[in-house]
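K.L.:
Sequence below, structure please.
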Amino acid sequence: MTHLLLVDGLNLVRKVYEAIPTPDSEKKAEDSIAVMQSSLMRALRETPSTHALGVFDFGGNTFRHRMYPAYKQDRKPMPEHLKNVMPHIRAMFEARGVPTCAPEDVEADDGLASAAIQGLAAGIDAITILSNDKDMCYLISSSISVRDHFARIYRTQEWALEKFGVPHSQLLDYLALVGDAVDGVPGVAGIGVKTARLLLSEYANLEAIYEQLTLVGVTPRIQGYLQQGKDMAFLSRELVTLRTDVVLGVDWWDMERNV
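P.N.:
Prediction:
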């Protein structure tokens, strides 16, 4: 059986770097390379695979910033020392038999989603995405698993339901309503977690909510928030939807591991 391991490179690097209990410095960045190598080797041991790929951010603004200039505007930038060693970290991946890519104009999450969907289309039997980014959860299926490398758990459909209060298949609609402060996704002003869960327990998605807005079982005040925030709701869903058509620039046989 073919099994593709997709590593969210930047997610892993940031977690490793932040876990080193010293101030930002050149030494901390260099130390993170060794820790990252150990972490990658553990990932390869714990998730035996026939194919592997590390996906990184290319380091600039993406199509989402053109859609919504405030996207991620409050996100803390990568420390300069860490940015300087990113080429060395990618080289370390390559030296360990894990090719890497960093497609332009998209985020690493888009590259991961594209690799997963395109991998299935190419005949890969099973895929594990190594990431603790919540956006990955809506990709979970019988063929696609999401693993939190640091907690050493799989984020299952049951995990997602307990975490967000909605099925993983409704995660994008949920985030479209409540927004995502970490990424600067606005959501609908006035709509909180409880209301979003209530709406999505009654209606399948944003379209169903807005098609039957006068029938939605909430107060006129909530209906007013929904009406006023309609454009932001659909924009927010676009912002959190991962692309699956990204050209990765890596051939499938390059990802095949010699194990």
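K.L.:
rest of the way, CA atoms for contacts and neighbours
P.N.:
Noted.
K.L.:
residues contacting V106?
P.N.:
57-58, 61-64 (Cα atoms under 8 Å, 6 or more residues apart in numbering).
K.L.:
ok, which stretches of the stretch 101-250 of the chain are helices?
P.N.:
108-121, 157-164, 171-178, 193-202, 206-211, 220-228, 230-240 (DSSP state H, counting those that start in this stretch).
K.L.:
Can you tell me which of those is nearest to A52?
P.N.:
Between A52 and the helices of the stretch 101-250 of the chain, the tightest spacing by Cα to Cα is seen for helix 108-121, at 10.3 Å.
K.L.:
Which residues outside the closest one are in contact with it?
P.N.:
By Cα under 8 Å, 6+ apart, helix 108-121 touches 4, 6-10, 55-58, 102-103, 126-127, 129, 135-136, 139, 144, 242-248.
K.L.:
Neighbours of R152, how many?
P.N.:
10 (other Cα atoms under 10 Å).
K.L.:
What is the burial count for the residue lying closest to L242 once chain neighbours are set aside?
P.N.:
Nearest residue to L242, sequence neighbours excluded (Cα to Cα, 6 or more residues apart in numbering): D110, at 5.1 Å. For D110, the neighbour count with other Cα under 10 Å is 23.
K.L.:
now swap in G123 and tell me
P.N.:
G123, neighbours per other Cα under 10 Å, totals 9.
K.L.:
now swap in D109 and tell me
P.N.:
25.
K.L.:
ditto for M232
P.N.:
Quick note: M232 (other Cα under 10 Å) scores 19 neighbours.
K.L.:
Repeat that for M36.
P.N.:
Neighbours around M36, by other Cα under 10 Å: 21.
K.L.:
State whether it is indeed within a helix.
P.N.:
Yes: under DSSP: H, G, I helix; E, B strand; the rest coil, M36 falls within a helix.
K.L.:
thinking it is in contact with V16, fair?
P.N.:
Yes: applying Cα atoms under 8 Å, one finds M36 in contact with V16, separated by 6.4 Å.
K.L.:
Enumerate every residue touching G97.
P.N.:
Per Cα under 8 Å, 6+ apart, neighbours of G97: 257-258.
K.L.:
doesn't it fall inside a strand?
P.N.:
No: G97 is assigned coil when assessed by three-state DSSP, not a strand.
K.L.:
pLDDT score for it?
P.N.:
Predicted confidence (pLDDT) for G97: 94.
K.L.:
what's the answer for the one 4 residues further on, then?
P.N.:
We note a pLDDT of 97 for C101 in this prediction.
K.L.:
Please report how far it lies from G190.
P.N.:
39 Å (Cα to Cα, to the nearest Å).
K.L.:
The two: who's more crowded?
P.N.:
For C101 versus G190, neighbours defined as other Cα under 10 Å are more numerous around C101 (20 against 15).
K.L.:
Can you tell me the closest non-neighbouring residue to the more buried one?
P.N.:
Nearest non-adjacent residue to C101 (Cα to Cα, 6+ apart): V55, at 5.2 Å.
K.L.:
Then A160?
P.N.:
Per Cα to Cα, 6+ apart, closest to A160 is H168, 5.7 Å.
K.L.:
Q157 now?
P.N.:
Excluding the flanking residues, the one nearest Q157 by Cα to Cα, 6+ apart is H168, at 6.1 Å.
K.L.:
Which positions within stretch 10-25 qualify as buried?
P.N.:
Judged by neighbour count using 16 or more other Cα atoms under 10 Å, the buried positions of stretch 10-25 are 10-13, 16-17.
K.L.:
Just the CA trace of that stretch, in PDB.
P.N.:
Taking Å, rounded to 0.1, in the frame of the first residue of the first chain, the C-alpha atoms of stretch 10-25 are listed here in PDB:
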ATOM      1  CA  LEU A  10       6.800  25.800   8.700                       C
ATOM      2  CA  ASN A  11       4.300  24.600  11.300                       C
ATOM      3  CA  LEU A  12       6.900  22.200  12.600                       C
ATOM      4  CA  VAL A  13       9.700  24.700  12.500                       C
ATOM      5  CA  ARG A  14       7.900  27.400  14.400                       C
ATOM      6  CA  LYS A  15       6.800  24.900  17.100                       C
ATOM      7  CA  VAL A  16      10.400  23.600  17.500                       C
ATOM      8  CA  TYR A  17      11.800  27.200  17.600                       C
ATOM      9  CA  GLU A  18       9.300  28.400  20.100                       C
ATOM     10  CA  ALA A  19      10.000  25.400  22.400                       C
ATOM     11  CA  ILE A  20      13.600  26.300  22.800                       C
ATOM     12  CA  PRO A  21      13.600  28.400  26.000                       C
ATOM     13  CA  THR A  22      16.000  31.100  25.000                       C
ATOM     14  CA  PRO A  23      15.500  34.600  23.500                       C
ATOM     15  CA  ASP A  24      15.700  35.000  19.700                       C
ATOM     16  CA  SER A  25      19.200  34.800  18.500                       C
END
